[in-house]
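1. dropping a prediction and its sequence here:
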Amino acid sequence: MLTRTKTVQQTKVTVETELVSDIVHKRIGLLGGTFNPPHLGHLIMAEQVCSQLGLDRVDFMPDFIPPHVDTKSAIEAKHRVAMVKLAVEDNPNFGVELAEINRGGKSYSYDTLIALKRAHPENQYYFIIGADMVAYLPKWYRIADLAKMVQFVGVKRPGVKVHSAYPILWVDTPTIDLSSTLIRHKIAKRHSIRYLVPQQVCEYIREHKLYGKK
């Protein structure tokens, strides 16, 4: 009887070991933001980080209510999500992570990483931020705990110091002076945004008359 029990236990351990070995471990980049709207600068940054660090995928992660951005200028989340999906649809290295949209409320990165790591403990996450945002890390909610859960990736920019009290992986990418604010201003003035955003995004903005486009 003892021998049989021991054999059953060994079989259980073997099965559990095989199940663990079958888990696909992935290196996932996270590019968070309001994406109001998403533009070519976002896509260039994500592609370069994915390629240079050998990541399996970069997920674009729209926030619901950005904690550090003027929420009055952010359009409804449903439109921002739709534009992000259109922007990344032709790149197999890109995905869309809706954890913050689905959770609602203010989008704190610490809460998001807790949820993601619980849902996908096999994944290693790389949080992508611009060099200008690195200086603001000390102000992030529970930054000390967040830094233990995720690897920060800083995208270098001319004139911005590459220094931080937190461990940062620095990546060089082509410099493009482009922002969502600039694009919104151009739309409001009826200026062209062609080649500044993906064509699908341009058409979506026009179709839904976003940012004052009539």
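-> Yes, it's here.
2. same question for stretch 102-114, mean pLDDT?
-> Mean pLDDT, stretch 102-114: 93.
3. where in the protein is pLDDT low?
-> Within the chain, the stretches with pLDDT under 70 are 1-23, 68-73, 213-214.
4. and if we set it to 90?
-> 1-25, 65-74, 105-107, 131-132, 135, 157-165, 175-177, 212-214 (pLDDT under 90).
5. taking the centroid of it, which residue is nearest it?
-> Central residue of the chain (CA atoms, centre = their mean): Leu31, 2.2 Å from the mean position.
6. tell me the strands beside the helix or strand containing that one, with direction?
-> With elements taken from DSSP states H and E, the one containing Leu31 is strand 27-33. In the sheet, strand 27-33 lines up against strand 57-62 (parallel), strand 124-130 (parallel) (DSSP bridges).
7. which among the ones you listed is found nearest to Gln200?
-> Across these, Gln200 has its closest neighbour in strand 57-62 (14.1 Å, CB to CB). C-betas here are computed from N, CA, C, even on glycine.
8. and the contacts of the closest one?
-> Strand 57-62 is contacted from outside by 26, 28-35, 38, 42, 46-47, 49-50, 77, 80-81, 84, 87-88, 93-101, 112, 128, using CB atoms under 8 Å, 6 or more residues apart in numbering.
9. off-centre distance for it?
-> Distance of strand 57-62 from the chain centroid (CA atoms, centre = their mean, to the nearest Å) equals 4 Å.
10. just put the strands paired with strand 27-33 in CSV and tack on distance to Lys189 and mean neighbour count.
-> Converted to CSV, those look like this (distance: least, CB to CB, whole Å; neighbours: other CB atoms under 10 Å):
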stretch, distance to Lys189, mean neighbour count
strand 57-62, 25, 24
strand 124-130, 25, 20
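11. want to throw the ones you listed into CSV with distance to Ser180?
-> Listed next are these as CSV, based on distance: least, CB to CB, whole Å:
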stretch, distance to Ser180
strand 57-62, 12
strand 124-130, 12
